[in-house]
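Novice: only geometry, no sequence info:
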């Protein structure tokens, strides 16, 4: 049984998640906006796509089984990582000017789980948002008409991207507004896996033509920064909100397609596979390791005007440290870091 499961494992998904985590770490490092501004377009949507691809709703007899599984797989790790992060933040690292922050403030931040507001470990917003997204998708899937479901999710995403995010701006509880945008990518992953959208029926020429188009879109965005900034950053300049929303989806799908294609071409790469299989651990702990490195490496004058090198060093060291911690963490805290 174990051999069968091992042989059926989608290694390219591990590699894709590994690439995604490396992008996440680079985006949170000293290099910051110069790389994050582009990768954020497709990086987070890719994680939702993979989550949808790996979702098997048929194995749940009812909603309570599904809910129990998601509580165990998503919210318990969120709780555990939050406790670890709060302890680490309180006793080791304090942001300048944030010494006044109390446990009550942290508890409020933990409960609201608003994107980019969880100051003791910013990336953790992803977990409650994923939980909300999967639960919304569970009920929309009850319609049992994939094309109608896509229309509903498209409208939901458009409303929260344009109407709420533009006019009201404050993020909702558990970043519900972002969840409705990411919903469509989770659904695409699910539909591709279950052959509602059957890419395997496309012939070789069409597949490669799509690959070239998607890659070209990515290169265009990277090279033409003015066009990219207009589409991604300055939505107020766009008169047509639907065009802006569709542009976000197209750019995200282009990035997802490209990363998955590259992952299949790579085929097997042990380091990226390892990072991908343990993506939750790397995702949840890398900021804490960065804080340690900030105190050790950042004061050194050597890094002045060498932000790219500094970021790469941060990421490499962080991967090494977390890799050493994974086995004992899974043994001591299996509910938080996963048994497999």
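Specialist: Structure received. Since we're looking at a predicted model, the values are computed, not measured.
Novice: State the three-state secondary structure for residue 114.
Specialist: coil (DSSP: H, G, I helix; E, B strand; the rest coil).
Novice: For burial, what's the neighbour tally of it?
Specialist: A count of nearby residues for residue 114, using other C-beta atoms under 10 Å, gives 21. To be clear about C-beta, it is placed using only N, CA and C from the backbone, and glycine gets the same treatment.
Novice: For residue 258, see how far away it is.
Specialist: As judged by C-beta to C-beta, to the nearest Å, residue 114 and residue 258 stand 30 Å apart.
Novice: Mind telling me what element the residue nearest the centre of the chain is part of?
Specialist: Among the residues of the chain, residue 44 comes closest to the average C-alpha position under C-alpha atoms, centre = their mean, at 3.3 Å. Here residue 44, judged by DSSP states H and E, is contained in helix 33-53.
Novice: Beyond that helix, next helix or strand please.
Specialist: Past helix 33-53, the next helix or strand by DSSP H and E is helix 63-70.
Novice: got a list of contacts for that next one?
Specialist: 57, 60, 131, 134-135, 138 (C-beta atoms under 8 Å, 6 or more residues apart in numbering).
Novice: Below-threshold pLDDT in the stretch 201-340 of the chain: ranges please.
Specialist: Counting by pLDDT under 70, the stretch 201-340 of the chain has low-confidence residues at 221-241, 339-340.
Novice: Residue 298: neighbouring residues, count only.
Specialist: Neighbour tally, residue 298, other C-beta under 10 Å: 12.
Novice: Kindly report the same for residue 63.
Specialist: With other C-beta under 10 Å as criterion, residue 63 counts 12.
Novice: swap in residue 245?
Specialist: Neighbours of residue 245 (other C-beta under 10 Å): 20.
Novice: I'd say it and residue 160 touch.
Specialist: No - Residue 245 is not in contact with residue 160 according to C-beta atoms under 8 Å; the separation is 9.9 Å.
Novice: Apply the buried test to the contacts of helix 63-70 and list what passes.
Specialist: 60, 131, 134-135, 138 (16 or more other C-beta atoms under 10 Å).
Novice: Which residue in these has the weakest pLDDT?
Specialist: Minimum pLDDT for these is recorded at residue 60 (93).
Novice: hang on, the earlier thing: residues contacting the residue nearest to the centre of the chain?
Specialist: 126, 182.
Novice: follow-up on the earlier one: tell me which two of the buried ones among the contacts of helix 63-70 sit farthest apart.
Specialist: Taking C-beta to C-beta as the measure, those reach their widest spread between 60 and 131, a distance of 15.1 Å.
Novice: what helices or strands is whatever helix or strand residue 78 lives in leaning on?
Specialist: Using DSSP H and E, residue 78 maps to helix 76-91. Secondary-structure packing of helix 76-91 (3 or more C-beta pairs under 8 Å, 6 or more residues apart in numbering; DSSP states H and E): helix 103-112, helix 126-140, helix 279-296, helix 334-337.
Novice: measure residue 91 to residue 85 for me?
Specialist: Taken as C-beta to C-beta, the span from residue 91 to residue 85 is 11 Å.
Novice: do the same with residue 275
Specialist: Distance from residue 275 to residue 85, by C-beta to C-beta: 20 Å.
Novice: Next, the contact list for residue 268, please.
Specialist: Here residue 268 is in contact with 11, 15 (C-beta under 8 Å, 6+ apart).
Novice: Three-state assignment for it, please.
Specialist: Per three-state DSSP, residue 268 ends up coil.
Novice: pretty sure residue 45 contacts residue 252?
Specialist: Yes - using C-beta under 8 Å, residue 45 is in contact with residue 252, at 4.1 Å.
Novice: Can you tell me what sits against stretch 112-128?
Specialist: 24, 28, 44, 47, 74-75, 77-78, 81-82, 85-86, 88-89, 95, 98, 101, 106, 109-110, 129, 171-175, 178, 283-284, 286-288.
Novice: follow-up on the earlier one: identify the contacts common to residue 45 and residue 252.
Specialist: residue 185.
Novice: Many thanks, I have nothing further to ask.
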